[in-house]
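1. No letters, just coordinates:
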């Protein structure tokens, strides 16, 4: 019902027109106001001169100011009538007469200047009002255009989601597809839960095997006494520095490691490690069968522990894979739901867009009228 690309281009053009017009209104208003202000300053200066002249003349008439030499044009100064008046009235009398004659025209000029200043003030106020109105109408238009653009972008996003789903699954009923996605999610979630249970079970099994090995080592230590740390560990396991020694200390010794120890040879012909170890080696020889059985049991448990670790690693790998698959299916499910909701929303969005379009047309018309009214008096 709506071509989002075409509509967004049209909206962008209208927003650009509104922005450029707003800038021109501001620029034209600034220039016009400057001219009015300059004209007012000139009138203020002229009015002040007129008022100063009026105050001077009033002072002459009222006798507050003593007139001096009267400046007359050359032809008037040589006029016989002027000479007679000067003889009859003197400088003061003639000055008062001329001041009274000039005051009438001067008051007319003052009133005219004040009227012009009032006109300029009215023009300035009117210009500011028309500027404010034009900018307000343009701002209203821009607000409506932004609302239009938000709707059209939402429509565009819904259309893209629908196109993506169609390209992936073909034309479909989104609700049926959503149900299938949910079933797939449940299957994957079951796989994930089984993998997590396996992880827990193997972790508990490893902990239990560790505990059994620790008990055997504790029993052996109890029987050997000081020979355990003083002779067994240094002679058989080289103080934990050999590969088998490290595994023994970490409870990771296996049956193959026991065979590679060559226990009988080490107990019968041990290399002297220290005086204390050499002194205690007879205790190991006397308990060699117990030591051999204990180490064999530890090796067996170590093999079970290594096997459990492999199973644990496999379970963790399965859990990671299941989690990634579940995340992917959840994302697809969310997209399908968005498409379903978008299909329902499209009709409402189309109606809202039509209403915003009509409102934008009305506001654009009011903006054009306001701008024309503003420009008419520039």
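-> Thanks, I have it. Being a predicted model, the structure only gives us computed values, none of them experimental. Numbering: from 1, shown residues only.
2. What residues does residue 287 make contact with?
-> When contacts are counted by Cβ atoms under 8 Å, 6 or more residues apart in numbering, residue 287 touches 223, 224, 227. C-beta coordinates here come from the backbone N, C-alpha and C atoms, glycine included.
3. Got the confidence number for it?
-> Looking at residue 287, its pLDDT reads 82.
4. Got phi/psi on residue 287?
-> When read as degrees, to the nearest 10, the backbone of residue 287 gives phi -110, psi 20.
5. ok, now residue 225?
-> phi 70, psi -130.
6. Contacts only, for it.
-> By Cβ under 8 Å, 6+ apart, the contact set of residue 225 is residue 283.
7. distance of it from residue 237?
-> Taking Cβ to Cβ, to the nearest Å as the measure, residue 225 falls 17 Å from residue 237.
8. Repeat that for residue 25.
-> 92 Å.
9. pLDDT score assigned to the nearest residue to residue 199 once chain neighbours are set aside?
-> Distances taken as Cβ to Cβ, 6 or more residues apart in numbering place residue 315 nearest to residue 199, at 4.7 Å, with adjacent residues excluded. Residue 315 is assigned 94 on the pLDDT scale.
10. With the one 10 residues further on instead?
-> In this model, residue 325 is scored at 94, pLDDT.
11. Please work out how many residues are found near it.
-> The number of residues packed near residue 325 is 17, by other Cβ atoms under 10 Å.
12. can you check residue 265 too?
-> Number of residues near residue 265 (other Cβ under 10 Å) recorded here: 9.
13. Now name the helix or strand holding it.
-> helix 263-268 (DSSP states H and E).
14. Need the residues that contact that helix.
-> For helix 263-268, with Cβ under 8 Å, 6+ apart as the criterion, the contacting residues are 235, 236, 281, 284, 285, 288, 291, 292, 295.
15. can we see that at 7 Å?
-> 235, 236, 284, 285, 288, 291, 292, 295 (Cβ atoms under 7 Å, 6 or more residues apart in numbering).
16. what does stretch 331-346 give?
-> 155, 158, 161, 162, 165, 174, 175, 177, 178, 181, 182, 185.
17. Mind doing that once more with 6 Å?
-> 158, 161, 162, 165, 174, 175, 177, 178, 181 (Cβ atoms under 6 Å, 6 or more residues apart in numbering).
18. Can you say which of these are buried?
-> Neighbour-count burial (16 or more other Cβ atoms under 10 Å) is assigned, among the contacts of stretch 331-346, to 158, 161, 162, 165, 174, 177, 178, 181.
19. Going by residue numbers, what spans are helices in the chain?
-> 4-61, 74-77, 80-169, 174-224, 226-227, 237, 243-249, 255-261, 263-268, 275-286, 288-376 (DSSP state H).
20. if we can go back for a sec, what's the PyMOL line that selects buried ones from the contacts of residue 287?
-> To isolate the buried ones among these in PyMOL, judged by 16+ other Cβ under 10 Å, type:
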select buried, resi 224+227
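21. which one of the contacts of residue 287 sits closest to residue 37?
-> Nearest to residue 37 out of these is residue 224 (Cβ to Cβ; 108.9 Å).
22. Distance-wise, check that closest one relative to residue 282.
-> For residue 224, the distance to residue 282 - Cβ to Cβ - is 12 Å.
23. could you point out where the stretch 51-200 of the chain is predicted with low confidence?
-> In the predicted model of the stretch 51-200 of the chain, residues 66-95, 171 satisfy pLDDT under 70.
24. ok, back up a step: which pair in the contacts of stretch 331-346 spans the largest distance?
-> 158 and 181 (18.5 Å).
25. export the contacts of helix 263-268 to TSV and tack on distance to residue 199?
-> Shown next, in TSV, are the contacts of helix 263-268 (distance: Cβ to Cβ, whole Å):
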residue	distance to residue 199
235	40
236	35
284	41
285	45
288	41
291	36
292	35
295	30
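26. which parts of stretch 318-326 are buried?
-> Those would be 318, 319, 322, 323, 325, 326, for stretch 318-326 by 16+ other Cβ under 10 Å.
27. Equivalent analysis for stretch 154-170, please.
-> 154, 155, 156, 158, 161, 162, 165.
28. What are the contacting residues of that stretch?
-> Contacts of stretch 154-170 (Cβ under 6 Å, 6+ apart): 2, 4, 338, 339, 342, 349.
29. Can you give me the domain boundaries for the chain?
-> With domains defined by automatic domain parsing, the chain comprises 4-171, 175-345.
30. and these, which is most packed in?
-> Most buried of the domains of the chain by mean neighbour count (mean count of other Cβ atoms under 10 Å) is domain 175-345; its value is a mean of 16.
31. what about stretch 229-240, start to end distance?
-> 11 Å (Cα to Cα, to the nearest Å).
32. So residue 312 is in contact with residue 204, correct?
-> No - using Cβ atoms under 6 Å, residue 312 is not in contact with residue 204, being 10.3 Å away.
33. So residue 137 sits against residue 367, correct?
-> Yes - when contacts are counted by Cβ under 6 Å, residue 137 is listed as touching residue 367 (4.0 Å).
34. Give me the residue at the spatial middle of this protein.
-> residue 150 (17.4 Å; Cα atoms, centre = their mean).
35. Distance of it relative to residue 363?
-> In terms of Cβ to Cβ, residue 150 sits 16 Å off from residue 363.
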